[in-house]
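Q: with the input below, show me the fold.
(2 chains)
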2 protein chains.
Amino acid sequence: MPRRSPCGRIADVDTQQRQIGVTELALRDAHQSLMATRMALEDMVGACEDIDQAGYWSVECWGGATFDACIRFLNEDPWERLRTFRKLLPNSRLQMLLRGQNLLGYRHYGDDVVDHFVEKAAENGMDVFRTFDALNDTRNVERAIAAVKKAGKHAQGTICYTTSPLHDVDVYLQQARELRDVGVDSIAIKDMAALLKPQPAFDLVRAIKAEMPDMQVNVHCHATTGVTLVSLMKAIEGGADVVDTAISSLSLGPGHNPTESLQEMLEGTGFIADLDKVRLGRIKDHFAEIRPRYTQFMSSFNVETDIFDSQIPGGMISNMESQLKQQGAGDKLKEVLEEVPRVRKDAGYPPLVTPSSQIVGTQAVFNVLMGRYKVLTAEFADLMLGYYGSVMGELDKEVVDKARQQTGKEPIDVRPADLIEDEWDSLHDEAAQLDGFDGSDEDVLTYAMFPKVAHGFFGTRAEGPKNVGKDPAELEAEKAAAAMGDSKTGPVRGPITYEITIDGKKHSVAVKPA
Amino acid sequence: MPRRSPCGRIADVDTQQRQIGVTELALRDAHQSLMATRMALEDMVGACEDIDQAGYWSVECWGGATFDACIRFLNEDPWERLRTFRKLLPNSRLQMLLRGQNLLGYRHYGDDVVDHFVEKAAENGMDVFRTFDALNDTRNVERAIAAVKKAGKHAQGTICYTTSPLHDVDVYLQQARELRDVGVDSIAIKDMAALLKPQPAFDLVRAIKAEMPDMQVNVHCHATTGVTLVSLMKAIEGGADVVDTAISSLSLGPGHNPTESLQEMLEGTGFIADLDKVRLGRIKDHFAEIRPRYTQFMSSFNVETDIFDSQIPGGMISNMESQLKQQGAGDKLKEVLEEVPRVRKDAGYPPLVTPSSQIVGTQAVFNVLMGRYKVLTAEFADLMLGYYGSVMGELDKEVVDKARQQTGKEPIDVRPADLIEDEWDSLHDEAAQLDGFDGSDEDVLTYAMFPKVAHGFFGTRAEGPKNVGKDPAELEAEKAAAAMGDSKTGPVRGPITYEITIDGKKHSVAVKPA
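A: Residues are numbered from 1 along each chain as shown, chains lettered A, B, ... in the order given. As a prediction, this is how the structure comes out:
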C-alpha cells in the first residue's frame, strides 16, 4: 500500500479480509484526554520511529489544545513540534484536528486567515485535516476544506455525534451529503463524549456507505462510557474504513480504546488491522515508561455511563462546579445539571463540544444563580442570534428576543464569517509589535490564535522548551524507595540537598527521614 | 419473571427484544481480581438491598479465594458471610464458584466430603453452583454436579476457555455434550485470562446453542485484554443467555466489563438487559466510596494484550518472578517465559488456571534453573501421571517416564477421586481436636479446605471480623489535606520529624502545617 498519498484510501489486501485503517492518537488526543495535554515533545520523540513504521493509516499529532499547551505551559513552538514530527515520521500521514472557521482558536476568523493557516500547516508537514464545526454547520468548514484541497492535502469532513430528540440517521446523512458536496476526501464521525452506541454506530456508517460507497468513513470514539470498542466493531461491520485508537499504555478512561485490543478484536471476523505487533509493543513500552511522569495531571477516572442520560460531558461538569464555587453556590450543582438540557433545547440542540459546551454550561449557571435568562452571556446571546452558525433545532423565540434586546444585535442567517473582514494584514501588524516575534507567517498565526499567550511565549521562547512532567531521576528514586520502603506512608527518598536562604544567608541543607 | 427458581431460565419479555441475564460479580470475582480479595463484608452490606432489587439473574458472592481470604486475612467466618448474603439478598440467586472435586481447596477430596460441602453450602443459602475443573475433565465435576442436583439447586457446568493448537470449537462442543450428559442446568464459558475474542465467542456459543437450543449458556470474561465487552456482544449475538459483569466502580483492569456499559451497549440491538438504572447508580456510588480503602491492594494495571501471544496470565508471571528472585535468578525471567509454552505442550495443553497455572509455571522455573526436567515438582509429576485428571493433548512420554521413576508411582487413567477413600469421619475427628472448633459440619469443612489456616482462625474467631482496608476517617483526612495541600508531595498529616544537616551540622526538625 503506498503510504502518505494524501487522498489515499484503504486498499483491500490480497485476501478475503477487509483491511481496516487505524489512526494512532497517542501524540495528540490521548495525552490531551488523559494528562491535560501536558506531554512534552521530548517524551514522544523516542516512539516516533516505531509509530512511523507500524502501519497506521495516519498519526494524529496536532490540534487546538496541543497548540495552546505548547505556548502556554511548555514554552515550545508548536510549529517546530510539527516540523519535528514531519522529520521523524517521514512515511506517515500526519493528521490534525481543525475547528473549521475557528482554526485552533475560539472565534471565527476572516477567510484570509483560514487560507494562510491551512497553507502554512500543509507547508510545515500536515497531511490530513480533520475539520469540524461544533454546531455541525457545514458553512463553517467550507472555507477550510477548500483551502486544504488547494494545498493538495486530505480534507476530512466531520460529523460531531450527539443525541437529542432531533438527531437521527437522516440528520447525519444529510450532513454527510453536504460535506460530500463541498468536496471532502473522507468523513469522520467524531464521538467526543463516548455517546455512540454500537447499533447507532452500525446504522449511521451503513447509511453513509450505502449512499456513498466510495466515501472513506473514519470513526473517532472516546472510551469514557466503556461501550465504544463495541461501537467500533459495529461501525466496521457497517462499513467504516478507518478507526481511531490509542496505544494501550495511553488508553481508556476519558481517552480512547487501545490500539492493540482493536487489532486483536478483529481476529477471525473477516476484517484485519494490519499493524506490526512488535512495534506496537515498543510504542506501548515507551509510553508506559513516560506516563508516570504526568501522574499529577491525571484523574483516577475509570468508566462512567451517566452521560448517556445527562448528556453532560465530565469536563463540562467540573467546569460548572468551579464556576459555582467561585460564586459561593457550590450547592446548586444539581439544579444546574437539570438546567443544562433545557438550555440546550432552547438553543436548538447543539452538540456539546468546544465551544458550545462551555457556552451552554455557563448560561445554565447564570439561569440558576440569577433567574432563567435574566442575564445572557455575550457568547450565549451570539449563539441564539446565529453568530456561531445554525443549529439543528428550533431556537426559543423569547430567548432570541432577549438576546436581541440585551445586545442590540440582530439575528443573522448568513455564514458568520461572511461578516468578518479580511484581517491578515492587521494581525500581522499587531504581531510585529511584540518582543520576540520572528517575522514568520507562523508567528502571525500563533498570535492570531492566542494573542495574549503568544505575547508571553514570544518573550520566553529563546529559553527553549520545558518539561512539566516529573524528572525521570526523581521517579526512579521514588520507585526504588517504594520497592524497599513502606508504600503506605509514601516514598522514602534518599537525602535531598537544597540551597536555602535564611535571613539573606545561603545554606546547603541535606534532608532525610529521621 | 419469578426470581430465585433454582433452575430458572431467562424468559423473553413481551417484546421483540431478547432478554439477557446478568450475573453481578462485585461481591466475589471483582474484588478478588482488583483488590486481592480483601474486601470486608461490612463494606458490601450497604449495597445489598440495591443489588437484590436491580434485576440481576444471579449474584456471585462466594468461592475459593473469598473463603480463604476470610479466614486468612479477615478473621471472618465464610459461612457466616454466606448466611448474611442470604439474609440481605432474599430475592436473588446466590452464585458460587466451585473447583469440582477440589471444592474450594487445592487437592481432590473424597466423594463424601464433596457431598457434605455441597449440602451445607445449599443449606446456608447457595443457589447456583458454577462448577469447573482446571483440566476440563468432566469426571472431576461429576460428583459435585450430582450433589447440587440432589440438593435441588442449579448446577452449572463450566468450560475453561483456553487457546492451543488443539483447542477448537469441536473440542469445547464435545465438553458441552459431556456436561449436558451429567445433567447440568446450564453451561458457563469461563474466560479467566480474557483470551476469548469476539469471533470465537460467537462461534462457540452458536455451536452449543445450535446443538442444545434449550441449554442456558453463561459467559464469564475478564477485561484484561480490553476486547471482551465486544466478545460479550458477539456471544449474545451467538445466543448467550447470561453474561457476567461488575458494577463500573469495581470494573476493568484485571477485573471485568462494567455492568452499566453492558446494559447501555445493547440499546437498539434487539437484546436487552433489564436492570434498574437507579439502583445500578447507587451500587456504583457505594463501591466508588469503598474502593479507596483498598488502594494498597490494587495494581495500576490498565490493559494488556501480550497474553494473546504468551498465553501466560499476569498473575502467573508475577509468581514466577518472585520464585526466581528467591533463587537469586531474577535475570532468568525471559527464559522461563519461553519455557512455559513448551512445558504446557509436554503436559498436553492444560488450560492455565488454578492450580494448573502454578504447576506448569513452577516446573518451567525448575527447568530453567536445573536443566529441563532434571527435577520434577511433586505436583508436576502428578499432573503427568494423571492424578489431576486427563488433558486434551498427548503427554510427552519421556517426561511421563521421568515422573514415574522419580515418584515410584504409576500413571492412572481412572477418575483421580476413585482412588481417594471416604474421609469425612477422619476430617471431623481432626477438626474436633482444634481449639475454637464449634462442632458444626461447616467448621469441619473449613478445616478440610485449609487445615493450617483454619486452625489459626478457630482460635481467633471470637475476636470478630477485622477490616484490612484503610480507616474511613484516615481517608477523609487525607482527602481534606490533599484538597488544601500540595498534591505532588502527598497529604500533609501531623508533624513530621526530619533529620536535617545544615552546613555539616545535624539538626532534628519537626515540620507541621502552619
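Q: which parts of the stretch 201-350 of chain A are helices?
A: Listed in chain order, the helices of the stretch 201-350 of chain A (DSSP state H, counting those that start in this stretch) span A:228-238, A:259-265, A:277-290, A:307-310, A:314-326, A:333-346.
Q: what would those helices look like in CSV with distance to residue A:409?
A: To be clear about C-beta, it is placed using only N, CA and C from the backbone, and glycine gets the same treatment. Putting those into CSV (distance: least, Cβ to Cβ, whole Å) gives the following:
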stretch, distance to residue A:409
helix A:228-238, 40
helix A:259-265, 47
helix A:277-290, 48
helix A:307-310, 32
helix A:314-326, 25
helix A:333-346, 18
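Q: for chain B, find the nearest of these.
A: Nearest to chain B among the helices of the stretch 201-350 of chain A is helix A:259-265; the distance by Cβ to the nearest Cβ comes to 3.3 Å.
Q: neighbours around residue A:146, how many?
A: Other residues near residue A:146 number 17, with proximity taken as other Cβ atoms under 10 Å in any protein chain shown.
Q: that one contacts residue A:183, correct?
A: Yes: look at residue A:146 against residue A:183 with Cβ atoms under 8 Å: they come within range, at 7.4 Å.
Q: rebuild the helices of the stretch 201-350 of chain A as a markdown table, extending it with distance to chain B.
A: Shown next, in a markdown table, are these (distance: least, Cβ to the nearest Cβ, whole Å):
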| stretch | distance to chain B |
| --- | --- |
| helix A:228-238 | 5 |
| helix A:259-265 | 3 |
| helix A:277-290 | 7 |
| helix A:307-310 | 6 |
| helix A:314-326 | 12 |
| helix A:333-346 | 14 |
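Q: let's verify the nearest residue to residue A:295 once chain neighbours are set aside: helix, strand, or coil?
A: In space, and not counting its chain neighbours, residue A:295 is closest to residue A:470: 7.3 Å by Cβ to Cβ, 6 or more residues apart in numbering or on different chains. Taken by DSSP: H, G, I helix; E, B strand; the rest coil, the conformation at residue A:470 corresponds to coil.
Q: how far away is residue A:470 from residue A:477?
A: 10 Å (Cβ to Cβ, to the nearest Å).
Q: can you check residue A:377 too?
A: Shown here: residue A:377 relative to residue A:477, a distance of 48 Å by Cβ to Cβ.
Q: next: residue A:249.
A: Residue A:249 sits 22 Å away from residue A:477, taking Cβ to Cβ as the criterion.
Q: now do residue A:463
A: Counting by Cβ to Cβ, the separation of residue A:463 from residue A:477 is 27 Å.
Q: when the two are compared, which one has more neighbours?
A: Between residue A:463 and residue A:477, counted using other Cβ under 10 Å, residue A:477 has the larger neighbour count: 16 against 8.
Q: okay, and that one sits in which element?
A: Under the assignment given by DSSP states H and E, the secondary-structure element containing residue A:477 is helix A:472-484.
Q: quick one: average pLDDT of that helix?
A: Per-residue pLDDT values across helix A:472-484 average out to 77.
Q: which parts of it are buried?
A: Neighbour counts using 16 or more other Cβ atoms under 10 Å in any protein chain shown place A:475, A:477-478, A:481 of helix A:472-484 among the buried residues.
Q: and which of these is nearest chain B?
A: Within the buried residues of helix A:472-484, proximity to chain B (Cβ to the nearest Cβ) peaks at residue A:478, which comes in at 10.8 Å.
Q: which ones are touching the residue nearest to residue A:16 when sequence neighbours are not counted?
A: Closest residue to residue A:16 apart from its sequence neighbours, by Cβ to Cβ, 6+ apart: residue A:270 at 6.7 Å. Contact analysis of residue A:270 by Cβ atoms under 8 Å, 6 or more residues apart in numbering or on different chains lists A:16-18.
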